[in-house]
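S.K.: Show me the folded form of this:
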Amino acid sequence: MVKISLIEKKENNLFVKWSDGEKSNFNYLWLRDNCPTAHDKNSNHRMFNILEVPLDIEAKKCKINDDGKLEVVWSAGNHTSYYDQEWLRKNCYTINNKKKYLSPYQLWNCSLQKNLESISIEHDEIIETEEGLIKWLELLHYKGIAIVKNSPTKDKSAFKVLNRISHTRETFFKTPFEVLNIPKPNNSAYTAHALRNHMDLPWFENPPGYQFLHCLINSAKGGDSSAVDAFAVANYLKNNEKEIFETLVKIPLKFRDKDYTQEAHRSFYAPAISLTKDGDFNDIRFSVATMDALDCHPDLMKEVYEAHHRFGNLLHDDKFQIKFRLVPGDIFSFNNRRILHGRTEYDPNSGSRHLQGYYMDRDEIIGRLSFLKNLNKKKAL
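M.R.: Residues are numbered from 1 along each chain as shown. Alright, predicted model coming up:
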């Protein structure tokens, strides 16, 4: 294990040199805030209030003690902190901020069409094995898409496999929501019309992270599915058409739900492409059907529509999208804020088409995958 080889007190921080030559600066307030005694031993929530500490706090004394821990005697509060060296190295923001960020996302285009088996997984494998569940979660997190095969086709039967991940997210559409052709629909999904590739519920402040469409019946003529990795399209624009990309990132669009069955009409502004603190893709908001009348500054409207036009056409370009037909027992699973989905028109007089839909927050997928991987690491030790 890497050890601390040198400690020096500075005006605002401790300077640390490590045995492998790396150097760290630990701000005094950061150290005091992260004292091991600051957290409740059971909940792990921070109980110590850093807001009560004077801003000029410093280390009166510091050393590596006989237990191998960094011992700091503070200038205020009559307190001594003891830090594990391994924890300090793992959480060193000096070193971590020098690391090159690596995106977890595996971007894809139309070439995935030739290998749909790579994103398919058997329902019983997920139900019966932890390995199957991890495989499904990895597909959802890294590729953003998976098709669960040979699921039961009874009403609400997807709950069992979804609950292997976590709880579903309830919306006013109820859970599951029924994707059927119905009279006087309150959403275009409940028609036999073609649906352009889109995100569900872009007019929510926090749209559902993942969507699961469980195919119960699909005997009608038409109704084939499409999907596109919108992160891959955004990445193409980032590398090749920077002005359009910057417009899509910077200028908010307006989305609105006008569901006649609802007393609350939801509306939200957000850019078509949002980024994380590392500059990676966070989410894509695109839906021709539910974009409201834009109210951008007059000098920007032409620029916004040109960018929207270009982005939208790429999202439907055969170079990027895949097309497939769901069969009864398939659960089309995808990151709703990355993978846009659509379908062709179908003839309701030629047969039936019935899907049941479920939502789940993105935190549930990422959190469950992280938990299972950490659990496997501990088992391996």
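S.K.: Would you indicate which residues of stretch 128-141 are buried?
M.R.: 132, 133, 134, 135, 136, 137, 138, 139, 140, 141 (16 or more other C-beta atoms under 10 Å). (C-beta placed from N, C-alpha, C; glycine too.)
S.K.: list the contacts for the fifth one?
M.R.: Going back to what we said before, that points to residue 136. When contacts are counted by C-beta atoms under 8 Å, 6 or more residues apart in numbering, residue 136 touches 121, 126, 146, 148, 165, 333.
S.K.: What is the nearest of the buried residues of stretch 128-141 to residue 70?
M.R.: residue 141 (35.5 Å; C-beta to C-beta).
S.K.: can you confirm that closest one is in a helix?
M.R.: Yes. According to DSSP: H, G, I helix; E, B strand; the rest coil, residue 141 belongs to a helix.
S.K.: Check it and give its pLDDT.
M.R.: Looking at residue 141, its pLDDT reads 98.
S.K.: What is the nearest of the buried residues of stretch 128-141 to residue 275?
M.R.: When those are compared against residue 275 (criterion: C-beta to C-beta), the nearest one is residue 141, at 18.0 Å.
S.K.: hang on, that closest one packs against residue 134?
M.R.: No. Using C-beta atoms under 8 Å, residue 141 makes no contact with residue 134, being 10.3 Å away.
S.K.: any common contacting residues for these two?
M.R.: If you check residue 141 and residue 134 against C-beta under 8 Å, 6+ apart, the residues they both contact are residue 369.
S.K.: so what are the domain limits for this protein?
M.R.: Residue ranges for the domains of the chain, per automatic domain parsing: 4-96, 110-373.
S.K.: which one of these lies closest to residue 103?
M.R.: From these, taking C-beta to C-beta, the stretch that ends up closest is domain 110-373, at 5.0 Å.
S.K.: how far out from the middle of the chain is that closest one?
M.R.: Relative to the chain's own centre, domain 110-373 is displaced by 12 Å; criterion: C-alpha atoms, centre = their mean, to the nearest Å.
S.K.: Compute the first-to-last residue distance for that domain.
M.R.: Start-to-end span of domain 110-373 (C-alpha to C-alpha, to the nearest Å) is 30 Å.
S.K.: circling back to that earlier point, weed out the non-buried ones from the contacts of residue 136.
M.R.: Among those, those buried by neighbour count (16+ other C-beta under 10 Å) are 121, 126, 146, 148, 165, 333.
S.K.: my read: the fifth one touches residue 365, true?
M.R.: Read that as residue 165. Yes. The pair residue 165 / residue 365 is scored as a contact, 6.3 Å apart, by C-beta under 8 Å.
S.K.: Correct me if wrong: residue 140 contacts residue 146.
M.R.: Yes. The pair residue 140 / residue 146 is scored as a contact, 5.6 Å apart, by C-beta under 8 Å.
S.K.: Now for the two: what residues contact both?
M.R.: 333, 334.
S.K.: where along the stretch 51-200 of the chain do the helices fall?
M.R.: 85-90, 93-96, 123-128, 130-138, 159-162 (DSSP state H, counting those that start in this stretch).
S.K.: helices and strands around the third one, which ones?
M.R.: Yep, that's helix 123-128 we're talking about. helix 130-138, strand 145-149, helix 159-162 (3 or more C-beta pairs under 8 Å, 6 or more residues apart in numbering; DSSP states H and E).
S.K.: what would those look like in a markdown table with mean pLDDT?
M.R.: Shown next, in a markdown table, are the helices and strands packed on helix 123-128 (pLDDT from 0 to 100):
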| stretch | mean pLDDT |
| --- | --- |
| helix 130-138 | 97 |
| strand 145-149 | 98 |
| helix 159-162 | 98 |
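S.K.: got the contact list for the residue nearest to residue 328 when sequence neighbours are not counted?
M.R.: Counting by C-beta to C-beta, 6 or more residues apart in numbering, residue 328 lies nearest to residue 153, which is 4.9 Å off, once chain neighbours are set aside. When contacts are counted by C-beta under 8 Å, 6+ apart, residue 153 touches 215, 216, 217, 328, 329.
S.K.: of those, buried ones?
M.R.: For those, buried by 16+ other C-beta under 10 Å: 215, 216, 329.
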